[in-house]
Each structure stands twice: as structure tokens, then as C-alpha cells.
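Asker: coordinates for the following, if possible.
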Amino acid sequence: MTLAGQVRSRFSDLIRGGNPINGPYGTRSRSGDVVIVVGGTQEGHERRFESVEFVTETDCGYCMPYENGNSVFVLRKPLRPVAEAWPELKHYD
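Answerer: Numbering: from 1, shown residues only. Next up is the predicted model:
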């Protein structure tokens, strides 16, 4: 199972990502106190969360090259409510 599949199966009731498929769902009334993010930078996430922990990088032999080697972070303690920041976080690229 891919990393995305593992995260999806274990944390399906947490926040959905900001990509085109999941972006419209938003926080679904979850607090967003803990968020798992694939991609981005440590510095970028530190602008929005008090605690940013690098966990690993994606390593998949069958994915698209741009999906391989992405950083995986666990973000805790948002500096402002995630529901409030959601419009800025979702993206369609």
C-alpha cells in the first residue's frame, strides 16, 4: 500500500488535503490541532503551526517523479484556527 493509502486508511476522519479532490471538504468540523501534510517546507509550515515535525520522505517506485521524495510532516498547534485558514490552504494545481 502506498504512503497516501496508509495515511488515508489510518487517519480518514482527520482533515482532508487541499488538493482538487479533497479541497472542498475543508476541516469537516475537526479542530485541525494535528495535521499530516505531504509536501511543502519546514519553514513554510512553521509560519502556520507552532510545532512542525519532519517524519520522512515519500519513496515510491511506481509514482510520478514529482510525487517521489516529498517531505511528510506532522503539524501541531495551529497559530490560528485551521478552519479559518482553509481558504488560503486549498489549491487546484
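Asker: what's downstream of the worst-scoring helix or strand of the chain on mean pLDDT, the next helix or strand?
Answerer: When the helices and strands of the chain are scored by mean pLDDT, DSSP states H and E, helix 3-10 comes last with a mean of 51. The first helix or strand that comes after helix 3-10 along the chain, using DSSP states H and E, is strand 34-38.
Asker: dump the C-alpha coordinates for that following strand into CSV.
Answerer: Output of strand 34-38 as CSV, limited to C-alpha atoms (Å, rounded to 0.1, in the frame of the first residue of the first chain):
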residue,chain,number,x,y,z
VAL,A,34,-2.9,17.8,14.4
VAL,A,35,-2.4,17.8,10.6
ILE,A,36,-0.4,15.4,8.4
VAL,A,37,1.0,17.1,5.4
VAL,A,38,2.8,15.7,2.4
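Asker: check which residues of that strand are buried.
Answerer: For strand 34-38, a neighbour-count test (16 or more other C-beta atoms under 10 Å) marks 34, 35, 37, 38 as buried. In this view, the C-beta of every residue, glycine as well, is placed from N, C-alpha and C.
Asker: let me see the mean pLDDT of it.
Answerer: Taken as a whole, strand 34-38 carries a mean pLDDT of 85.
Asker: would you point out the most distant pair within the buried residues of strand 34-38?
Answerer: Greatest spacing in these, by C-beta to C-beta: 34 and 38 (14.7 Å).
Asker: who touches stretch 64-74?
Answerer: Contact with stretch 64-74 is made by 3, 34-42, 45, 52-60, as judged by C-beta atoms under 8 Å, 6 or more residues apart in numbering.
Asker: list the contacts for the nearest residue to residue 81 once chain neighbours are set aside?
Answerer: Nearest in space to residue 81, with sequence neighbours left out and distances taken as C-beta to C-beta, 6 or more residues apart in numbering, is residue 32 at 7.0 Å. Shown in contact with residue 32 (C-beta under 8 Å, 6+ apart): 15, 78, 81, 82, 83.
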